[in-house]
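K.L.:
Build me a model from this:
(chains A and B)
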Amino acid sequence: DSGVTQTPKHLITATGQRVTLRCSPRSGDLSVYWYQQSLDQGLQFLIQYYNGEERAKGNILERFSAQQFPDLHSELNLSSLELGDSALYFCASSGSGGGETQYFGPGTRLLVL
Amino acid sequence: AQSVAQPEDQVNVAEGNPLTVKCTYSVSGNPYLFWYVQYPNRGLQFLLKYITGDNLVKGSYGFEAEFNKSQTSFHLKKPSALVSDSALYFCAVRFPNSNSGYALNFGKGTSLLVTP
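P.N.:
The predicted model follows:
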C-alpha cells in the first residue's frame, strides 16, 4: 500500500458526460501528479500541483482540469468525454524535491461508452 | 529531443535465471532515473531510483539497476528470477531543467514473464 488513495476504482459513463476523480496524497506529501495510462499512448503525465498551486502541465486536454484543495487532496475533472478518454488514471504524490520518489495510487479505471 | 526507451516489449526468463530489463535515455545533462513495476489491475510500485552517487542501485524485492552514463542506460537486473516477478516494468526519467516540473517520463513498458 503506497498510502495514496484514489476514488472511485471504476467509473463507467457515456460520451459527453463529465466525471470527477479524487486523489488523497500520502501524509506529508505536498505534490500531486496525475497520469493517464492507455494502450495506445502509454503512461502520460497530465498535470502537477504543489501545495495548492499548479506546478506543471503535460499532455492535458483543454476538456480536462484539476485542482488541489487546502487539505492537499486533488480532483481531476474530465468533461465532454469521448470514447478515447477511456483509460486508467493514476494519481501520484511526492515530497518537494526533484529527486523525491513519486508514489502511485491504485488508479481509477474510466470506461466511456 | 529528450526521450526514454525500453527496447524490448517482452522478456522471457526461466525461474532461477538472472534477468535484465533494458532502459536507455537521451538527454543533455544528468537525469533522475526510476524503475516501477505494475502487476495486473494494480498501480505502479516503486522499485528503485538513481539520483547521484554509486552507479549500482539496490532496490526492493532483490532488484538492482546500474546507471551507465557513457551508454545512457539504466538496466534493471535481478540475479535469480521468481515466477512472482512476472509483471510489467516501467523505466521513468525526470529530465533536468524540465519545463514539466518534476513529472516523470515513462518508457512504454516491458512485460516480464518468468516461467517455472
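K.L.:
Okay, now the unreliable bits of the chain?
P.N.:
Reading this off chain A. A:98 (pLDDT under 70).
K.L.:
I was thinking of chain B, sorry if that wasn't clear
P.N.:
For chain B, the ranges with pLDDT under 70 are B:1, B:96-101.
K.L.:
hey, where'd the strands end up in it?
P.N.:
B:3-5, B:10-14, B:19-21, B:24-26, B:32-38, B:44-50, B:56-58, B:64-68, B:73-78, B:87-94, B:105-106, B:110-115 (DSSP state E).
K.L.:
From the chain's centre, how far out is the last one? Work that out for me.
P.N.:
In this case it means strand B:110-115. 14 Å (CA atoms, centre = their mean, to the nearest Å).
K.L.:
wait, B:Gln10 sits on B:Ser111?
P.N.:
Yes. Counting by CB atoms under 8 Å, B:Gln10 touches B:Ser111, with 4.6 Å between them. Backbone N, C-alpha and C define where each C-beta goes, glycine included.
K.L.:
quick revisit: output the strands of chain B as TSV; include the columns mean neighbour count and distance to chain A.
P.N.:
Formatted as TSV, those follow (neighbours: other CB atoms under 10 Å in any protein chain shown; distance: least, CB to the nearest CB, whole Å):
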stretch	mean neighbour count	distance to chain A
strand B:3-5	18	11
strand B:10-14	14	15
strand B:19-21	20	16
strand B:24-26	17	15
strand B:32-38	24	5
strand B:44-50	21	4
strand B:56-58	14	12
strand B:64-68	18	13
strand B:73-78	21	14
strand B:87-94	23	7
strand B:105-106	21	4
strand B:110-115	17	12
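K.L.:
Tell me the bridge partners for the residue in chain A positioned nearest to chain B.
P.N.:
In chain A, the residue found nearest to chain B is A:Ala56; the distance is 3.0 Å by CB to the nearest CB. Beta-bridge partners of A:Ala56, counted by DSSP bridges, are A:Gln48.
K.L.:
B:Ser60: how many residues sit nearby?
P.N.:
Neighbourhood size, B:Ser60 [other CB atoms under 10 Å in any protein chain shown]: 11.
K.L.:
That one and chain A: what is the separation?
P.N.:
To chain A, B:Ser60 is 11 Å away according to CB to the nearest CB, to the nearest Å.
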